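In: For reference, the sequence and a predicted model appear below.
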Amino acid sequence: MKNRYFLFLSCAVFFSFSCRSVEKLVDKGRYDEAIDLAVDKLGRNKNLPTKHIRALEEGFQRIQVRDLKRIDYLKGELNDAVWDEVYDIIERIESRQKRLDLLMPIDNDEGYSAHFDFIGTESLKNEARRGAARFHYNVAKHLLDDFDSVRDRSLARAAFDELRIVHEYIPGFEDSEKLLSKAKDEGVVHVLLKWHPSSSDLIPRNLRDQLVVEAEENKDRFWIRYHDVFEDEGVYDILAQIVLEELLAGPDREEVNRSQESRVLLLEKEKTPQTDIDTIGVVDGLKPQKSEETLVHIVETIRTKTLDLKGFFEMRDYATGKLLERQPFVVSESFYSSTVEEFYYRGKHPQGSSIVYIKQGDTLLPFPSTEKMVRQALLKLKKRFDKFVLSIQTS
């Protein structure tokens, strides 16, 4: 079955390449595909039949003529926006000519040698580069003029994008670097991060400041700058606040559960010079010699403590105070520690009988302080606050 599959696949590939001849692609007007196919064939076999080489020549000539006509048409348009397309066409011409030039000379055993009329593109490309740079520069200037009128930072960001394109065409074109710096500065949204004043009695100041500072340090967005210290009344665009309404800290709770059950243990008698010691036979791989019924007292100790922070995040327009977005939050922190001890007694009644074995449980952890739990809850709150401020739209 596998051999038949590979045979089918091989035939499919063979027929695909057979049907996809250079001549057929040229006839269909798919000139660049024809050139790609011919170049691939020449890379594997320099001695191509004359008909293939002639088809390559024809396809090359047709696509060159078509591209040059398109350039002439675009240059005749009264629209500077066409220079981007002109530049792209010139780069395609250069790429096409370079691929063929690397294979020259192209000839075969029949004595036929290929000839291609390559064109010089440097002056035409420089003209397109200057035209495109000028177009995007003018667009950026208009956007910055509009920004100065309406103070819409999205216009400055759009101007920044246009000036980056100018830089790709011609670095340092006129005063584009100066305008780029202005667009970057004016496009940034400044966000002041603050705790709401009513939260000051619930969270110690050092913990509040730590949260806001860390939130500011962890931001690395290009168009948003976060501030945690008041600097200048006119700097800010958005006020992002944490409003804590409740801090609910539960008490230290310790619960002790006792139970008992009967178990049959396998024991081995281990002799020492001082005394006889009974040990549980299943421990340390000891081979059992006898079984004994025991009563097991089980003591489970559980310690718990909870803390909840409740409130909401909000964003407001700094100048007008208009509410932009609000998001409630509940952040919980919990402590849990438990241990189980097992006491094994001989017989069915512990009165008067000795303990055979004590099985210790995990170490019972001490209760954390409320401040420590607040600190842990604030770390969770910080992550939630990070996501909230990152949702700020810069449009």
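Out: Done, it's in. Numbering: from 1, shown residues only.
In: contacts, neighbours, all on C-alpha from now
Out: OK.
In: For the protein, just list every one of the helices.
Out: Remark: helices assigned in the chain by DSSP state H are 2-19, 22-27, 31-44, 50-75, 83-101, 122-150, 153-169, 176-187, 205-217, 370-390.
In: Go through the ones you listed and pick out the most buried.
Out: Most buried of these, by mean neighbour count (mean count of other CA atoms under 10 Å): helix 153-169, with a mean of 22.
In: Let me have the helices of the chain in CSV, extended by mean pLDDT.
Out: CSV is the format used below for the helices of the chain (pLDDT from 0 to 100):
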stretch, mean pLDDT
helix 2-19, 40
helix 22-27, 74
helix 31-44, 73
helix 50-75, 89
helix 83-101, 92
helix 122-150, 95
helix 153-169, 94
helix 176-187, 93
helix 205-217, 56
helix 370-390, 83
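In: how about these in a markdown table, adding distance to S113?
Out: Shown next, in a markdown table, are those (distance: least, CA to CA, whole Å):
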| stretch | distance to S113 |
| --- | --- |
| helix 2-19 | 24 |
| helix 22-27 | 17 |
| helix 31-44 | 13 |
| helix 50-75 | 8 |
| helix 83-101 | 13 |
| helix 122-150 | 27 |
| helix 153-169 | 38 |
| helix 176-187 | 50 |
| helix 205-217 | 67 |
| helix 370-390 | 64 |
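In: And these: which comes nearest Y112?
Out: helix 50-75 (6.5 Å; CA to CA).
In: Excluding chain neighbours, what is closest to I358?
Out: F343 (4.8 Å; CA to CA, 6 or more residues apart in numbering).
In: Contacts only, for that neighbour.
Out: V296, H297, I298, I355, V356, Y357, I358, K359 (CA atoms under 8 Å, 6 or more residues apart in numbering).
In: Show me what the fourth one is bridged to.
Out: I355 has the following beta-bridge partners by DSSP bridges: Y345.
In: Just the pLDDT at it, thanks.
Out: With respect to pLDDT, I355 scores 72.
In: Who are the contact partners of it?
Out: F343, Y344, Y345, R346.
In: mind checking how far F160 is from V188?
Out: Remark: distance between F160 and V188 (CA to CA, to the nearest Å) = 11 Å.
In: Quickly run through the sheet partners of the longest strand seen in the chain, with directions.
Out: Counting residues, the longest strand found in the chain (DSSP state E) is strand 290-317. Strand 290-317 has the following sheet partners, assigned by DSSP bridges: strand 238-249 (antiparallel), strand 253-271 (antiparallel), strand 323-346 (antiparallel).
In: Flag every buried residue along it.
Out: Of all the residues in strand 290-317, those buried under the rule 16 or more other CA atoms under 10 Å are 294-309, 311-317.
In: report the angle between the axes of it and helix 370-390?
Out: 50 degrees (axes from the mean of the first three to the mean of the last three CA atoms, to 10 degrees).
In: got a list of contacts for stretch 316-336?
Out: With CA under 8 Å, 6+ apart as the criterion, stretch 316-336 contacts 236-240, 302-315, 367-368, 373-374, 376-377, 380-381.
In: Over to stretch 87-106?
Out: 32, 39, 42, 46, 64, 67, 71, 113-114, 118, 121, 124-125, 128-129, 132.
In: switch the cut-off to 7 Å
Out: Outside stretch 87-106, the residues that touch it by CA atoms under 7 Å, 6 or more residues apart in numbering are D67, S113, A114, F118, T121, K125, A128, R129.
In: Spit out the contact partners of Y31.
Out: Counting by CA under 7 Å, 6+ apart, Y31 makes contact with L25, G59, F60, I63.
In: shouldn't R225 be in contact with V191?
Out: Yes - counting by CA atoms under 7 Å, R225 touches V191, with 6.1 Å between them.
In: Which one's more surrounded, these two?
Out: More crowded of R225 and V191, by other CA atoms under 10 Å: V191, with 25 against 15.
In: Hmm, D228 and the more buried one touching each other?
Out: No - counting by CA under 7 Å, V191 does not reach D228; the two are 8.6 Å apart.
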